[in-house]
Structures are given as C-alpha cells and as structure tokens.
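Participant: Provided below are the primary sequence and the corresponding predicted coordinates.
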Amino acid sequence: MSIIIKLSTFLVEVRQEMRKVTWPNRQETFRYTVLVISVSIGVAIILGAFDAVFVRLLNIFIGA
C-alpha cells in the first residue's frame, strides 16, 4: 500500500469521524472556559499557600 493511499484513507476516516462529533454551543464553551480558569486559579492558590507554609517551616528549621 502506498503512502498516498494510506494518507487518503486516513483523511477520509478523519472526515467521517469529525461528522460524528457533537460540538458545544457558545454558552457551553463559555461555561467550560470559566470553569477551567476558576479551577486553575484555585489550584494555583492552594499550591502557593503550601509553598509559603513550607518556606516558613524551612526558614524556622534552618534558622535563616
């Protein structure tokens, strides 16, 4: 099987699969985007708090 036939078959299959996709509407996209940004900020705050606590603990133990 030549590379051209394989590529052609692949592209046909991709097109068929893309027709099956249920795309989110504008409102869902906005909602999911806000959710992802909110969770990312929340995780960043938690990790920042842990970092600050560990830095203070290390400063206490090291005596810096």
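Facilitator: Looks like it came in fine. Just so you know, these numbers come straight off a predicted model, no measurement behind them.
Participant: check which helix or strand covers residue 50.
Facilitator: helix 26-62 (DSSP states H and E).
Participant: Report the rounded mean pLDDT for that helix.
Facilitator: Mean pLDDT, helix 26-62: 96.
Participant: Which residue would you name as the spatial centre of this structure?
Facilitator: Centroid-nearest residue in the chain, with CA atoms, centre = their mean: residue 36, separated by 7.8 Å.
Participant: what separates that one from residue 8, distance-wise?
Facilitator: Applying CB to CB, to the nearest Å, the value for residue 36 to residue 8 is 36 Å. Every C-beta, even on glycine, is put in place using the N, C-alpha and C of the backbone.
Participant: Please apply the same query to residue 26.
Facilitator: For residue 26, the distance to residue 8 - CB to CB - is 34 Å.
Participant: Looking at these two, which is more packed in?
Facilitator: residue 8 (11 against 7; other CB atoms under 10 Å).
Participant: tell me the pLDDT at the more buried one?
Facilitator: If you check residue 8, the pLDDT there is 94.
Participant: same check, this time on residue 1
Facilitator: Looking at residue 1, its pLDDT is 70.
Participant: how close does it get to residue 10?
Facilitator: Distance, residue 1 to residue 10, by CB to CB: 11 Å.
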